[in-house]
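**Q** let's see this in three dimensions:
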Amino acid sequence: MKYFPKIKGKLVYLSPISLDDADLYAQWLNDLETTRYLTLAGFQITSHGERDLLAGLSKEHNYAIVEKSTDELVGNCGLMDISSVHRSAEIGIFIGPADRRGKGYGSEAMTLLCDFAFNVLNLRSLSLRTYAYNARAIASYRKCGFREVGRLRQAHFYGGSWHDIVLMDLLAEELGQSVLPPPEA
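**A** Residues are numbered from 1 along each chain as shown. Below is the predicted model of the structure:
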């Protein structure tokens, strides 16, 4: 089996990353339709480089997002800069195939990862950054409970103009009811 359902939702599950997916990730991360919303738009991503990156990411709390009904890889999400002292981390996500966006996969994956971060890893606060022109992501993050807490004005150049970077965060008590299975008595 290529994927291992670690954190299960209704539409998707989060699995440890498979290095065998390096070519697919490289394909997605060289597509400007995908990367215009990520920090990677200006980079060239090779299969070899992506494999090395995935090897590093797989050692942390980064997960493949897998469509539950087909066991097909649809994206990636993860926690970065985890601080055990401050019980905080930055969270990130992307959905690779354009035909899988807007179907609730990203919102569910984010909710699953936030739930895991708060109720298994015992984190207290999660933050993220996105671009002001990424209205779909902002709506999805709000659906998960994130709130806008600030902006870095005109801090991102893309498409010949300057854009704000939107800062959002979520505290553990703002997530709502856990969807993780309860421990057996």
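**Q** okay, now the unreliable bits of this structure?
**A** Within the chain, the segments meeting pLDDT under 70 span 1, 185.
**Q** may I see the buried residues of stretch 37-57?
**A** By 16 or more other Cβ atoms under 10 Å, the buried positions in stretch 37-57 come out as 37-38, 40-41, 45, 50-51, 53-54, 57. Every C-beta, even on glycine, is put in place using the N, C-alpha and C of the backbone.
**Q** how about the helices in this structure?
**A** Secondary structure of the chain (DSSP state H): helices at 22-29, 32-35, 47-57, 105-119, 135-144.
**Q** tell me, what residue is most central in this protein?
**A** The residue lying closest to the centre of the chain (Cα atoms, centre = their mean) is residue 93, at 1.8 Å.
**Q** now do the same contact list for the nearest residue to it once chain neighbours are set aside.
**A** The spatial neighbour of residue 93 that comes closest, neighbours along the chain excluded (Cβ to Cβ, 6 or more residues apart in numbering), is residue 77 at 4.0 Å. With contact taken as Cβ atoms under 8 Å, 6 or more residues apart in numbering, residue 77 is in contact with 14, 62-63, 65, 91-94, 109-110, 113.
**Q** tell me the bridge partners for residue 77.
**A** Beta-bridge pairing of residue 77 under DSSP bridges involves residue 63, residue 93.
**Q** can you check residue 15 too?
**A** Going by DSSP bridges, residue 15 forms beta bridges with residue 64.
**Q** and residue 14, how many residues sit next to it?
**A** 26 (other Cβ atoms under 10 Å).
**Q** again, but for residue 28
**A** Residue 28: 25 surrounding residues under other Cβ under 10 Å.
**Q** what does residue 73 give?
**A** By other Cβ under 10 Å, the residues close to residue 73 number 23.
**Q** so what's it up against?
**A** Counting by Cβ under 8 Å, 6+ apart, residue 73 touches 3, 18, 21, 24, 64-67, 96.
**Q** hmm, the residue nearest to the centre of the chain is touching residue 110, no?
**A** Yes - under the criterion of Cβ atoms under 8 Å, residue 93 makes contact with residue 110 at 5.7 Å.
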